[in-house]
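Trainee: build me a structure from this.
(4 chains)
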Protein chains: 4
Amino acid sequence: MAVRAAVAGASGYAGGELLRLLLAHPEVEIGALTGNTNAGQRLGALQPHLLPLAERVLEPTTAEVLAGHDVVFLALPHGQSAAVAEQLGQGVLVVDMGADFRLKDAGDWEKFYGSPHAGTWPYGLPELPGGRAALAGAKRIAVPGCYPTAVSLALFPAYAADLVEAEAVIVAASGTSGAGKAAKPHLLGSEVMGSMSPYGVGGAHRHTPEMIQNLSAAAGTSVTVSFTPTLAPMPRGILATSSARAKPGVTAESVRAAYEKAFADEPFVQLLPEGQWPATSAVYGSNAVQIQVAYDDTAGRVIVISAIDNLTKGTAGGALQSMNIALGLDEATGLTTIGVAP
Amino acid sequence: MAVRAAVAGASGYAGGELLRLLLAHPEVEIGALTGNTNAGQRLGALQPHLLPLAERVLEPTTAEVLAGHDVVFLALPHGQSAAVAEQLGQGVLVVDMGADFRLKDAGDWEKFYGSPHAGTWPYGLPELPGGRAALAGAKRIAVPGCYPTAVSLALFPAYAADLVEAEAVIVAASGTSGAGKAAKPHLLGSEVMGSMSPYGVGGAHRHTPEMIQNLSAAAGTSVTVSFTPTLAPMPRGILATSSARAKPGVTAESVRAAYEKAFADEPFVQLLPEGQWPATSAVYGSNAVQIQVAYDDTAGRVIVISAIDNLTKGTAGGALQSMNIALGLDEATGLTTIGVAP
Amino acid sequence: MAVRAAVAGASGYAGGELLRLLLAHPEVEIGALTGNTNAGQRLGALQPHLLPLAERVLEPTTAEVLAGHDVVFLALPHGQSAAVAEQLGQGVLVVDMGADFRLKDAGDWEKFYGSPHAGTWPYGLPELPGGRAALAGAKRIAVPGCYPTAVSLALFPAYAADLVEAEAVIVAASGTSGAGKAAKPHLLGSEVMGSMSPYGVGGAHRHTPEMIQNLSAAAGTSVTVSFTPTLAPMPRGILATSSARAKPGVTAESVRAAYEKAFADEPFVQLLPEGQWPATSAVYGSNAVQIQVAYDDTAGRVIVISAIDNLTKGTAGGALQSMNIALGLDEATGLTTIGVAP
Amino acid sequence: MAVRAAVAGASGYAGGELLRLLLAHPEVEIGALTGNTNAGQRLGALQPHLLPLAERVLEPTTAEVLAGHDVVFLALPHGQSAAVAEQLGQGVLVVDMGADFRLKDAGDWEKFYGSPHAGTWPYGLPELPGGRAALAGAKRIAVPGCYPTAVSLALFPAYAADLVEAEAVIVAASGTSGAGKAAKPHLLGSEVMGSMSPYGVGGAHRHTPEMIQNLSAAAGTSVTVSFTPTLAPMPRGILATSSARAKPGVTAESVRAAYEKAFADEPFVQLLPEGQWPATSAVYGSNAVQIQVAYDDTAGRVIVISAIDNLTKGTAGGALQSMNIALGLDEATGLTTIGVAP
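Mentor: Now for the predicted structure:
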């Protein structure tokens, strides 16, 4: 029996990536596709890479259109998910790829998003401690942000094993699709090709409280996060460099052991052999996470490098993985650990 | 019953792409993987994007290692396939992704490749007139070159319908993976990023006689080809601009009609709606071909734009599509028309 | 005595490139800088690479602001130059980097630009036959389009020497800055990186009649042009592949001789040694033109490859070179043939 | 009276960039150009962007060839400079763009470079405290590494003003030219385009002790450095994110004031206005350094972003700036703060 899925916001990058993955999911039947300003257009004009859906036409994002599905994915601008979700029945699985239901602390939400807090839904990062239990049978899922996915997976084992101090320093580079499909001058190809630049420096990026939430939960104590995102000249991918000061007695071996243990049974996380380093090209279009860890005994820090595809594991793949768990399907159904390279 | 497949030359770009596709092919079981200088290495170090094969170790390319498979794919340097193929039984399907058996004319082979002609095998471009018949049940397949794939598909309908004169002019841009994985200074990232440059200008490129062979067959007369390849700052993709002077009486409508007819039932060729143009990003990692055609009544020429992924439809996907036909499987098994974008 | 120069439209790519060059011009003093929607902004926010001008503030584009200069450069949207130019005195040198005054044929203008023809000004491509004479002492200059610059320089020697037939076929790749700084979805970095795509196919591009005008003048007869522009994943540069069928008796030597003669004394055109091919990286940020020519005796065509920087020789550098001639300065003042590579 | 300059190692990226700048230096006359494996070749084939030098031929790197110049620039592989420098007279200014004479501590040299320490020369980073005094009249100059240039300029003001604690955490992205022109598989365009990856993680990069040396000198105490370099898909540029924990009492204002003071009179350092962030594109091909600073009061850290062109300010421009000081010329002669963008 097929799972019938609707996608609200099918014209953007997150929606397009989700459709790419849904087309390959053996249990899913693609239902309604909606847009706002693009309603009425052929999908072939908006997402020309999705040939099997080229003749589908976008409908407006209304409760009527979204009714009658088993799963509704929301790929809407921040702040719009709650109103739509409310109109969908409690029996429908709603997977929100926006930020609205990620944060537990209403104050954090209001500070970083500037609107009333809509609530908190089960968090779609199965690899975190207790992650799968929270998703099993869930009817509402908040898909993590792309940066928090890369960073939380990189650092939670160190915090869970009490290896590092509670001040994390993170610098990450993201491909431009993370900034969305709305045309803005600084995102023009002419501007981004050949250039690296930061943004949201000094704690201003909205993903910072989400990282703090995840790492503090793993540590069992309050962790501070210094997060600097940068824009890299590539369409996809996040490479995160996360580090924290090692606690006394930590060794390269104890660090390695903690990471081997944390990821031993994870279908999508590849802890690389020593000597090999993550590259975003290796996870291009895949749901895999590449991780490598180093202990710098001179500087006294544990450094973790993680690479994900921001649109796949960082958004749409993570959404699908969580949906699989919520529906009781095999977690890896319709997902791949095979990247497209070179 | 699984088809057991070996890949000779698994460390290069063609071999890596083939493995990526074979991993998703439901009827294939991946057998021996061989290399030359890389024999003995973990595949994870050579093809880090193929996570499920990371722990496989390359074996040397010998008849013993390649024995006992249903299909052997050869991804070897030009001129090396014949010696290997001879040692494989006549009952084994051998799919050569090199150039050795593409050309029918021994003189052309010797002029462009500088070695004795090894012979001619059934040609793996099913979309050409008679293409599928030549492949059904074949035990030897010569996979076309990447440029000839893009160009032959673009122009054969015009020649088959007698719409254009017998002088074709082609300029094509290719991603750098077409030049292979051997480290050469002019292929360094520092050199190719931000730059376009031509090579093999003036009829010197080895793919020229292959285009002539295909187009002349479609036209039923000898076609000349002026072919200029250029190197573009992208890893994958070919965008070919092919044109020829229109014959008297040709109209935009008659051109469009010929292309609609030629590709009406083709699973991998998308003749785009009028007003939409091919882009290599739309076929990234897919076996699809995007085609659009224009009639310039001022210049009196028919212009055809085609976009493929040089590694997929242009090499490994084309190989797999032909293998499917030869083995009597559904032609599209294990292949996709969904690109990875943006 | 300094030449005082104003730039109308200083916030775009053409205006920015012109300012970059003017800053290095020893005889020019930069006067008023104007914008439309950007009037009132610091130039440092709009053109952050022009550090010496960071604190300059854009003024509105009015006759008052532009008054009192020796030279006024217009980097305005097509169709806006005439109204501004009329308000400037006849004694002021006005250099239009837009299209308004390039075409001689009013019908061509109206067909391709859809507005009344404003007139024809001396054409700023000094390397064309008679090019310098037309510019000496001129008070009005129409700077050529970027594609017509690359293509006219590539083919005029063949036409002037009567080597080729009157049907030119041109395919050119351009960096994205040629499409300007206005934010449009298809120009986003996410869309253009890793992708090649065509536009304006089939004679629709506005630069086509300009090429016809130049090549027909060189040939002394009416030349047809089939022109296909493509967008390449790089910020700058044009690589043009231009070809035409060789006339009887033409040889590789006669072609080479014609090009050596045509460019023997040109300060900015480098006819490359045989065996070396143009690359856009070699002319990055420079006013140089790299040209190589081939005679394909099998296909019977002369193929010419040319590389320019679309913003430098193709726009702002060409403007400055023409200004130098008009003012009686050394033509190369303030310009360079040194690219920025890699 | 012209300064006659020789360049040993003219075929690589550092040598090519130096020649690009020397061609624009009004006081310098370019003398001997040498290479090793490339001796005997036309420079036009090796550095096609340097049109004015296209017909120069590389000579072998010998004392005879390098004799008779006022300045000799060494752009040689690490460990080769000492032997060459010894054969040049004490009266000749020798500017080493390699690492050989940068480190003061012989143990650091031996640990990171694996060969005997050759000595320590005056360090070519004029902006450091005491930097110009060390260079005035010098006859030997060690040009800093590219990463240490970006990082030392970013953090020395914070250490000199005692604003931050002695543990610096640095993540930097570099364009591929920083890895040189030797053809290695991981530097192929196919590998680097679309990908970010780290290297030398965990304190292994050779530039680490150089950063420690500079920052410890500024701090007056021993500073530890956690340095993670990453390779970005662009030819040029370094974007460094450097941070350290703020000392008690530090405020956003006190941080800003320290940086304004440190760079008030620096001709090449642009402390950006608040709200604007560095981008490598803005310094492409220029000797400028863009810096912005933030104080994250939640995380309690000072974060400094710096952008340079690794080949210009990071290598050849820095070399020329130091040469100017050593020779008593205006420090900015022949150098620019104007980038090539977009």
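
Trainee: just the element for A:I291, please.
Mentor: strand A:289-296 (DSSP states H and E).

Trainee: for the following helix or strand past that strand, what is the average pLDDT?
Mentor: The helix or strand immediately downstream of strand A:289-296 is strand A:301-308, counting by DSSP H and E. For strand A:301-308, mean pLDDT rounds to 98.

Trainee: same for the helix or strand just after strand A:301-308, what does it pack against?
Mentor: Using DSSP H and E, the helix or strand that follows strand A:301-308 towards the C-terminus is helix A:317-327. Helices and strands touching helix A:317-327, by 3 or more CB pairs under 8 Å, 6 or more residues apart in numbering or on different chains; DSSP states H and E, are helix A:13-23, strand A:71-74, strand A:93-96, helix A:131-135, strand A:140-142. C-beta: built from backbone N, CA, C; applies to glycine.

Trainee: other SSEs contacting the last one?
Mentor: This means strand A:140-142. Using 3+ CB pairs under 8 Å, 6+ apart, strand A:140-142 sits against strand A:93-96, helix A:317-327.

Trainee: measure how the longest one sits relative to helix A:13-23, angle-wise.
Mentor: The reference is to helix A:317-327. 50 degrees (axes from the mean of the first three to the mean of the last three CA atoms, to 10 degrees).

Trainee: the domain parsing of chain A - what is it?
Mentor: A:3-143+A:314-327, A:147-308 (the TED database).

Trainee: need the mean per-residue confidence for the shortest one.
Mentor: Meaning domain A:3-143+A:314-327. For domain A:3-143+A:314-327, the per-residue pLDDT averages 97.

Trainee: and that domain, how far apart are its ends?
Mentor: 9 Å (CA to CA, to the nearest Å).

Trainee: got a list of what the residue nearest to A:E165 when sequence neighbours are not counted touches?
Mentor: Closest residue to A:E165 apart from its sequence neighbours, by CB to CB, 6 or more residues apart in numbering or on different chains: A:R245 at 4.5 Å. Counting by CB atoms under 8 Å, 6 or more residues apart in numbering or on different chains, A:R245 touches A:164-165, A:167, A:300-302, D:167.

Trainee: buried ones among those?
Mentor: A:164-165, A:167, A:300-302, D:167 (16 or more other CB atoms under 10 Å in any protein chain shown).

Trainee: for the domains of chain A, which one ends up most surrounded?
Mentor: domain A:147-308 (a mean of 23; mean count of other CB atoms under 10 Å in any protein chain shown).

Trainee: what residues does the stretch 101-250 of chain A have near chain C?
Mentor: A:175-177, A:179, A:181-185, A:187-194, A:233-235 (CB under 8 Å from any CB of the partner chain).

Trainee: how about 6 Å then?
Mentor: A:176-177, A:183-185, A:187-190, A:192-193, A:235 (CB under 6 Å from any CB of the partner chain).

Trainee: pipe these into JSON lines and attach pLDDT and secondary structure per row.
Mentor: Listed next are these as JSON lines, based on pLDDT from 0 to 100; DSSP: H, G, I helix; E, B strand; the rest coil:
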{"residue": "A:T176", "pLDDT": "98", "secondary structure": "helix"}
{"residue": "A:S177", "pLDDT": "98", "secondary structure": "helix"}
{"residue": "A:A183", "pLDDT": "94", "secondary structure": "coil"}
{"residue": "A:K184", "pLDDT": "95", "secondary structure": "coil"}
{"residue": "A:P185", "pLDDT": "94", "secondary structure": "helix"}
{"residue": "A:L187", "pLDDT": "97", "secondary structure": "helix"}
{"residue": "A:L188", "pLDDT": "98", "secondary structure": "strand"}
{"residue": "A:G189", "pLDDT": "98", "secondary structure": "helix"}
{"residue": "A:S190", "pLDDT": "98", "secondary structure": "helix"}
{"residue": "A:V192", "pLDDT": "98", "secondary structure": "helix"}
{"residue": "A:M193", "pLDDT": "98", "secondary structure": "coil"}
{"residue": "A:P235", "pLDDT": "98", "secondary structure": "coil"}
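
Trainee: I'd like these laid out as CSV, including distance to D:P52.
Mentor: Formatted as CSV, these follow (distance: CB to CB, whole Å):
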residue, distance to D:P52
A:T176, 37
A:S177, 42
A:A183, 41
A:K184, 40
A:P185, 36
A:L187, 38
A:L188, 33
A:G189, 32
A:S190, 28
A:V192, 32
A:M193, 28
A:P235, 38
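
Trainee: of all the residues you listed, which two lie farthest apart?
Mentor: Farthest pair in those (CB to CB) is A:P185 and A:P235. Separation: 17.9 Å.

Trainee: mean confidence for the strand holding A:I291?
Mentor: 98.

Trainee: tell me if it is near chain B.
Mentor: No. On the criterion CB under 6 Å from any CB, strand A:289-296 is out of touch with chain B, staying 7.7 Å away.

Trainee: measure A:W121 to chain D for me?
Mentor: Per CB to the nearest CB, to the nearest Å, A:W121 is found 25 Å from chain D.

Trainee: A:S11 contacts A:G35, doesn't it?
Mentor: Yes. Between A:S11 and A:G35 there is a contact under CB atoms under 6 Å: 4.5 Å.

Trainee: alpha carbons of stretch A:38-46, as PDB, please.
Mentor: Output of stretch A:38-46 as PDB, limited to C-alpha atoms (Å, rounded to 0.1, in the frame of the first residue of the first chain):
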ATOM      1  CA  ASN A  38       4.300  29.600  -9.000                       C
ATOM      2  CA  ALA A  39       0.900  28.000  -8.800                       C
ATOM      3  CA  GLY A  40      -0.300  27.200 -12.200                       C
ATOM      4  CA  GLN A  41       3.100  26.600 -13.800                       C
ATOM      5  CA  ARG A  42       4.500  23.300 -15.200                       C
ATOM      6  CA  LEU A  43       7.000  21.700 -12.900                       C
ATOM      7  CA  GLY A  44       9.100  21.100 -16.000                       C
ATOM      8  CA  ALA A  45       9.800  24.900 -16.200                       C
ATOM      9  CA  LEU A  46      10.600  25.200 -12.500                       C
END
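
Trainee: who in chain A is up against chain B?
Mentor: Counting by CB under 6 Å from any CB, chain A sits next to chain B at A:20, A:23, A:48-51, A:177, A:194, A:235, A:270, A:282, A:285, A:288, A:337-342.

Trainee: switch to 7 Å and redo it
Mentor: A:13, A:20, A:23, A:45, A:48-52, A:177, A:194, A:235, A:270, A:276, A:279, A:281-282, A:284-285, A:288, A:337-342 (CB under 7 Å from any CB of the partner chain).

Trainee: residue boundaries of the helices in chain A?
Mentor: According to DSSP state H, chain A carries its helices in the segments A:13-23, A:43-46, A:63-66, A:81-86, A:106-113, A:131-135, A:146-160, A:189-192, A:208-219, A:252-263, A:317-327.
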